[in-house]
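> here you go, sequence then predicted model.
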Amino acid sequence: MPKVAPVLRWSRSGADILKMRNGDGYLGSFSSGKGKVYLFAAPFQNAYSDFTQHALFVPVMYRLAMLSYQTEQRVAYRLNQTNIALRLASEVKVQGDEPVVSLRKDSLTAIPAQRWESGTLRLTIPAAVQVPGFYEVIYNGKILTTLALNIDKAESELAYYSAAELRQLIGSNHPTIQVYEHGADRSVAAHYKAQRVGTPLWRYCLLMALACLLTEVLLLRFAGKGKPAPVPAMAA
């Protein structure tokens, strides 16, 4: 664990994130308006603490950043989502009893079902919005925020059909479509190769040609070995 020489002490805090062995707080959080203040009991200089060189430093600072980030707006929504709640900024002034908010993406503009509740805008994505992408929330000619709308989760369904189910779906109306099933003995590529390409015979042809050449060489080498060499005739 890191070594610390504290210079500050507090009686209580909103939450003691790190404590020392004697029970005093080393890292605590305090509420300040709508945010939080995180206080260390010792400076980061080497004379007071080696916390910045310790392995805990990065995960603790990352955790503080994640705890400090709070928002009601999600990173992305679904096109089939029924209710989207948007917390609007305090400077947005609602004009009239029934203000109209629209969604805009390129040349597409749609007006969703909407309801205002104490600074919170609740939207229902209309059926006309079917294309995923980034949509601007427009009110009174100004862009309030941007929504990222994604496709339905059903598009990422990982279930698959069996070979028998695929053959039943295809039927006999598509004779050019073939279903190859993966077997335990060989792969789909091997099935396709066996049915469509066939067994390659060039290797066997090459081996037979080499065998014939070897046989011919052996015959020429050993066939005439036992016969006596002819004696040339002398002219009288």
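Good, I have the coordinates. Residues are numbered from 1 along each chain as shown.

> quick check: domain ranges of the protein?
Structural domains of the chain, as assigned by automatic domain parsing, span the residue ranges 15-68, 77-151, 160-222.

> would JSON lines of the ones you listed with mean pLDDT, distance to residue 2 and mean neighbour count be doable?
C-betas here are computed from N, CA, C, even on glycine. Output for the domains of the chain, formatted as JSON lines (pLDDT from 0 to 100; distance: least, Cβ to Cβ, whole Å; neighbours: other Cβ atoms under 10 Å):
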{"stretch": "domain 15-68", "mean pLDDT": "83", "distance to residue 2": "4", "mean neighbour count": "13"}
{"stretch": "domain 77-151", "mean pLDDT": "79", "distance to residue 2": "38", "mean neighbour count": "13"}
{"stretch": "domain 160-222", "mean pLDDT": "79", "distance to residue 2": "52", "mean neighbour count": "10"}
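
> need those domains in a markdown table with distance to residue 1, can you?
Formatted as a markdown table, the entries for these read as follows, by distance: least, Cβ to Cβ, whole Å:
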| stretch | distance to residue 1 |
| --- | --- |
| domain 15-68 | 8 |
| domain 77-151 | 40 |
| domain 160-222 | 51 |
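
> so which of those gets nearest residue 6?
Proximity to residue 6, assessed across those by Cβ to Cβ, is greatest for domain 15-68 (4.0 Å).

> and the closest one, how far out from the chain middle?
Taking Cα atoms, centre = their mean, to the nearest Å, one finds domain 15-68 lying 33 Å from the centre of the chain it belongs to.
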